[in-house]
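Novice: need a 3D model of the following:
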Amino acid sequence: QGKEYVVDCVTRDGVHKTTFVWVYDKREANGGGFVYFGMIPVPSDDPVAKVLIDYTVGCIDALAIANGATHNEIMMTKDGPCLVEVNCRVHGHSGSWL
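Specialist: Okay, the predicted model is just below:
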């Protein structure tokens, strides 16, 4: 439980750059416990973003991804970040224009 975030990165020769941090806007709707309404940008200097970026870079390093884009989904729980998934692709949906 917690808020779900996206951290998009690009890596070249093992050097990681974060391109964007998002938080999912999820709400109850149509009888469902949560429905994705969209995503809200999180400033990179936000304390939560800094924790998420450091955590994400650690995950990318652990997977030995040295080149390419990654779309990473993380839950921020009361105990800290928890990895949902790492996708070796650019951001999709409405954020793909970035």
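Novice: dihedrals phi and psi, the residue of the chain most remote from its centre?
Specialist: Here the chain reaches farthest from its C-alpha mean at residue 31, the gap being 26.8 Å by C-alpha atoms, centre = their mean. The main-chain torsion angles of residue 31 are listed as degrees, to the nearest 10 and equal phi 80, psi 0.
Novice: start at 10, not 1
Specialist: I'll keep to 10 as the first residue from here, and by that count the last item is residue 40.
Novice: who's in contact with it?
Specialist: Counting by C-beta atoms under 8 Å, 6 or more residues apart in numbering, residue 40 makes contact with nothing. All C-beta atoms are positioned from the backbone trio N, CA, C, and that covers glycine.
Novice: and the strands in this structure?
Specialist: Applying DSSP state E to the chain gives strands spanning 12-21, 24-38, 41-50, 77-86, 89-96.
Novice: neighbouring strands for the last one, and are they parallel or not?
Specialist: What that stands for is strand 89-96. Sheet pairing of strand 89-96 (DSSP bridges) gives strand 77-86 (antiparallel).
Novice: who does the closest residue to residue 28 other than its chain neighbours bridge with?
Specialist: By the measure of C-beta to C-beta, 6 or more residues apart in numbering, the closest residue to residue 28 outside its immediate chain neighbours is residue 17, 4.7 Å from it. Beta-bridge pairing for residue 17 (DSSP bridges): residue 29, residue 80.
Novice: run a quick neighbour tally on residue 17.
Specialist: 21 (other C-beta atoms under 10 Å).
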